[in-house]
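# Give me a model of this one.
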Amino acid sequence: MKPTLTTSIALAIILPSAVVAGCNFEADLVPLEAPDAPPAPQFGELPPVVGPPPVEPEEAEDLPIEPVEVAPELQPLCTTVYLNLRPQPNLDDQEGTITMPPWSEVAWSGEEVVADGHIWYQVSTSAGPQGWATSQYMFDGTCADAVLALDGVLPILENPNAHYENGNQWLDPDANTEHFGIDFISNAGNPAITTPYSDQIAASDPCPRCTEVDPDEGNIPDDFDLDYNYGYGAMIVVEYAYSDLSRQERSHLEIAGILLSEGESVYMMMSHLDPNVEIAEAGTILESGSKIASIGNSGNSSGAHGHLEMAVAESGLTPAEGEATADFWLDTVVERSYRNPEQSRRQGNRVDPSGLFD
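Here you go, the predicted model:
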């Protein structure tokens with residue numbers, strides 16, 4: 001709103017009048033008095049805080065714990081020979097003994113007992129009977145596993161392409177002799193011979209007299225003098241002890257008809273070796289697949305081949321001081337004397353190794 005002329009005149013009259021009347025605004029002001037501040041608070045000690053009374057712990061009641069019976073995990077085993085299932089773990093004649101045929105599958109509870117020189121396993125059959133059987137005649141696994149593991153020939157030649165064919169067989173009538181071994185004829189030169197199992201060399205002889213006569217091959221046909229190891233030529237004897245063989249390896253031997261017991265070994269003799277190639281020395285510790293010699297034509301031999309014999313005898317046999325390897329093999333391991341006409345054609349402890357190579 002704009003000021004009017006009337007308003008302006010009124011203000012002009014009032015203001016001079018107030019001055020004339022002597023009004024003094026500042027003299028009329030009365031100062032205010034500030035109130036006194038309250039006194040500072042006083043703090044004393046606080047009374048102790050009283051908590052709830054302690055609670056006495058109650059003794060826990062012992063609850064009975066019921067043991068939970070866990071059924072033992074059964075391990076499948078497969079018999080490798082005709083095997084007796086006995087009520088008690090010993091070799092005594094026992095009523096109720098059951099004979100299980102080879103390739104019978106059983107289940108092992110894990111219980112074992114040592115008695116009568118054997119380790120006995122408590123096993124049960126699928127038909128229900130339970131009993132004790134000697135462990136060395138059972139394969140560790142199902143029978144299907146056993147067939148796969150034990151199938152095929154014993155690996156003995158280093159070159160996988162050096163397949164061999166059998167020459168003279170065990171007691172081969174065509175050989176016109178009691179041939180207590182088998183012969184290998186390689187189709188790939190003279191391959192190295194390897195050990196199928198881990199163990200050690202019991203004896204070896206590179207036949208140095210053979211190479212004096214024939215430096216190339218050590219071939220001495222139709223001479224059976226001891227200087228040439230009775231015709232064996234360069235030869236080696238390997239020991240495979242029962243205690244050093246795995247259950248599978250023992251099963252492999254058992255299926256081939258070579259049975260071992262505690263304290264026994266199977267000894268493998270190879271002859272007609274190459275005398276100019278290194279032959280493992282006696283006492284050498286072997287791993288499976290170790291090279292031990294090479295096929296040759298030394299001694300009384302009509303061509304490069306390997307002659308193999310096996311015998312079962314007590315473990316730990318070694319040649320006496322000065323004993324020739326051939327005498328050690330025939331007189332100690334085989335337990336027959338080559339020089340004795342009445343014993344010279346005896347089989348002795350030798351076993352047929354053909355089943356390992358069929």
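# could you pull out the strands for the stretch 101-250 of the chain?
Taking DSSP state E, counting those that start in this stretch, the strands of the stretch 101-250 of the chain run over residues 105-115, 118-125, 130-134, 138-140, 164-166, 182-186, 192-194, 199-205, 235-241.
# In the first one, which residues are buried?
Just to be clear, that refers to strand 105-115. 105, 106, 107, 108 (16 or more other C-beta atoms under 10 Å). Where C-beta positions appear, they are placed from N, C-alpha and C, glycine not excepted.
# Tell me the bridge partners for the second one.
Listed beta-bridge partners, residue 106: residue 77, residue 125 (assigned using DSSP bridges).
# Quick one: residues contacting it.
Neighbouring residues of residue 106 by C-beta atoms under 8 Å, 6 or more residues apart in numbering: 76, 77, 78, 79, 85, 100, 123, 124, 125, 133, 138.
# how near is it to residue 123?
Distance of residue 106 to residue 123, computed by C-beta to C-beta, to the nearest Å: 4 Å.
# Find the residues that touch each one of the two.
77, 85, 133, 138.
# Can you list the strands that the host helix or strand of the second one pairs with?
Going back to what we said before, that points to residue 85. Residue 85 belongs to strand 83-85 when assigned by DSSP states H and E. Here strand 83-85 has these sheet partners by DSSP bridges: strand 98-100 (antiparallel).
# Just the buried positions in stretch 264-282, please.
Buried-residue list, stretch 264-282, by 16+ other C-beta under 10 Å: 264-277, 279-280, 282.
# separation between the residue most central in space within the chain and residue 56?
Centroid check for the chain by C-alpha atoms, centre = their mean gives residue 246 as the closest residue, at 8.8 Å. Per C-beta to C-beta, residue 246 is found 65 Å from residue 56.
# sorry, back to before: for the contacts of residue 106, give me JSON lines that also has pLDDT and neighbour count.
Converted to JSON lines, the contacts of residue 106 look like this (pLDDT from 0 to 100; neighbours: other C-beta atoms under 10 Å):
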{"residue": "76", "pLDDT": "90", "neighbour count": "18"}
{"residue": "77", "pLDDT": "88", "neighbour count": "25"}
{"residue": "78", "pLDDT": "85", "neighbour count": "23"}
{"residue": "79", "pLDDT": "83", "neighbour count": "24"}
{"residue": "85", "pLDDT": "90", "neighbour count": "20"}
{"residue": "100", "pLDDT": "86", "neighbour count": "21"}
{"residue": "123", "pLDDT": "91", "neighbour count": "27"}
{"residue": "124", "pLDDT": "88", "neighbour count": "15"}
{"residue": "125", "pLDDT": "86", "neighbour count": "16"}
{"residue": "133", "pLDDT": "90", "neighbour count": "24"}
{"residue": "138", "pLDDT": "81", "neighbour count": "27"}
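# of the residues you listed, closest to residue 62?
residue 124 (38.8 Å; C-beta to C-beta).
# The closest one: what's its closest spatial neighbour, skipping adjacent residues?
Once flanking residues are discounted, residue 124 sits nearest to residue 130: 4.3 Å by C-beta to C-beta, 6 or more residues apart in numbering.
# can you check residue 300 too?
Closest to residue 300 by C-beta to C-beta, 6+ apart is residue 231, at 3.4 Å.
# so who does that neighbour touch?
With C-beta under 8 Å, 6+ apart, residue 231 has these contacts: 220, 223, 224, 299, 300.
# How about residue 120?
Residues in contact with residue 120 (C-beta under 8 Å, 6+ apart) are 89, 90, 112, 113, 114, 132, 133, 134, 135.
# Run a quick neighbour tally on the first one.
Other residues near residue 89 number 20, with proximity taken as other C-beta atoms under 10 Å.
# show me what contacts it?
113, 115, 120, 122, 132.
# Quick check: pLDDT value at it.
Turning to residue 89, the model gives it a pLDDT of 90.
# Please settle this for me: is it part of a strand?
No. Using DSSP: H, G, I helix; E, B strand; the rest coil, the assignment for residue 89 is coil, not a strand.
# nearest residue to it other than its sequence neighbours?
Leaving out its chain neighbours, the residue that sits closest to residue 89 by C-beta to C-beta, 6+ apart is residue 120, at 3.5 Å.
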